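Undergrad: okay, sequence plus prediction incoming.
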Amino acid sequence: MTTDRNLKRRVRARAAKTGESYTAALRNVRPEPSADEPPRAAPLPIAVAQSTVRTDPADADGLRASGAEVRRLMTDAAAAGARLVHFTEGAICFPDKYALSELGPDEAGPADWSRAAWTVLEDELGQVARLADELAIWTVLAAPHRRPAPSRPHNSLYVVSDEGAVVARYDERTLSNTKLSFLYEPGAAPVTVTVDGYRLGLALGMDVHFPELFTEYERLDVDGVLVSYETGGVPGRETVTTEARGYAAANSYWISLAVPADASGPHAGIIGPRGGWSASCPPDGTPAVAVAGVHRDDELSPYARDWRRRTRDRVSL
């Protein structure tokens, strides 16, 4: 720790003298790594997308339109140099409680998932996977995950590698009353993936309202969490960005917050480990991507995390 304190003192002294940022001063003061030290990971360019959300999984034309928009935004992200593009909950479809209701279109009830256009949905996901391979870009995309009847689907995030393979799936754990009563079965576990040396956690839907899930990911030593969220117009959704920024700052990691393209709601963006915006999509609700280079903040990590972990152990949090 003495070495760490001395390094920080020298960095701050240089920053005060030259007017450089702490990060710039650190680059000039830090000793060159020895030959046997592992190389430092280059920043990971992540694109977060806000896109149009449609609510009827039986609408084949709507599913195709959503898939086409997702692929257009994937192309935009790749052109901007992103290695990973992250989409909102409902990027292909976000079923509302009436769309598949067994009680009819005007009354909420258990969903009849046999009416969903599964073949079209799976074809759109297949096209996304092929484009991910073609563009060499990792893609994180939400969609219902079909399960054998009579089991309900999961509300899921698929992780498609830059070679077009589905390498992970996260199932939303903290379902709303509507989702749990009528639509989905909950998931059971956190999921992480590693992209270019960076470990990323996954969160979906109502997960954003549960801080313990984000503390869990900190304990799993992630560099960031990809959060996909769709409110469906529920009052209070403006708190989502406040919560996400707080989790980023409290856990000293990055958060990518993907939401729908909706001028009346929060906009998508990437939040740094101090809780500030590093990139954001247009607030007017235009479908778009924003890109930021995720990196490890030498001033905050691992020092802030180590301190929090020691404190938690000491006070049994």
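TA: Here it is on my side, so go on.
Undergrad: quick check: which element contains the residue nearest to the spatial centre of the chain?
TA: Nearest to the mean C-alpha position of the chain, counting by C-alpha atoms, centre = their mean, stands Leu226 at 1.7 Å. Using DSSP states H and E, Leu226 sits within strand 224-228.
Undergrad: isn't the residue nearest to the centre of the chain up against Leu200?
TA: Yes - at 5.7 Å, Leu226 counts as touching Leu200 under the criterion of C-beta atoms under 8 Å. All C-beta atoms are positioned from the backbone trio N, CA, C, and that covers glycine.
Undergrad: Leu180 belongs to a helix?
TA: Yes - per DSSP: H, G, I helix; E, B strand; the rest coil, Leu180 lies within a helix segment.
Undergrad: what is the burial count for it?
TA: Neighbourhood size, Leu180 [other C-beta atoms under 10 Å]: 14.
Undergrad: return the residues in contact with the spatially closest residue to it that is not a sequence neighbour.
TA: If the residues on either side of it in the chain are set aside, Leu180 comes closest to Pro186, at 6.8 Å by C-beta to C-beta, 6 or more residues apart in numbering. Pro186 sits next to His154, Asp171, Glu172, Arg173, Thr174, Leu175, Leu180 when contact means C-beta atoms under 8 Å, 6 or more residues apart in numbering.
Undergrad: may I have the phi/psi pair for Pro186?
TA: Here is the backbone geometry of Pro186 (degrees, to the nearest 10): phi -80, psi 160.
Undergrad: and it, how close does it get to Ser114?
TA: In this view, Pro186 and Ser114 are 21 Å apart by C-beta to C-beta, to the nearest Å.
Undergrad: now Gly62: which helix or strand?
TA: Gly62 belongs to helix 60-79, assigned by DSSP H and E.
Undergrad: report the contact partners of the residue nearest to Gly81 when sequence neighbours are not counted.
TA: Nearest non-adjacent residue to Gly81, counting by C-beta to C-beta, 6+ apart: Pro45, 5.2 Å away. Applying C-beta under 8 Å, 6+ apart, one finds that Pro45 lies in contact with Ala80, Gly81, Ala82, Arg83, Leu84, Val291, Ala292, Gly293, Val294.
Undergrad: go again with 6 Å.
TA: Residues near Pro45 by C-beta atoms under 6 Å, 6 or more residues apart in numbering: Gly81, Ala82, Arg83, Val291, Gly293.
Undergrad: what are the bridge partners for it, then?
TA: Gly293 (DSSP bridges).
Undergrad: can you show me the strands along the protein?
TA: 44-50, 84-86, 138-145, 154-160, 166-171, 192-195, 198-204, 224-228, 254-258, 269-271, 277-280, 288-294 (DSSP state E).
Undergrad: now the longest one: buried residues?
TA: What that stands for is strand 138-145. Using 16 or more other C-beta atoms under 10 Å as the test for burial, strand 138-145 gives Trp138, Thr139, Val140, Leu141, Ala142, Ala143, Pro144, His145.
Undergrad: which residues does the fifth one bridge with?
TA: If I follow you right, that is Ala142. Ala142 has these beta-bridge partners by DSSP bridges: Leu157.
Undergrad: ok, back up a step: isn't the residue nearest to the centre of the chain up against Val140?
TA: Yes - under the contact definition of C-beta atoms under 6 Å, Leu226 touches Val140, with a separation of 5.4 Å.
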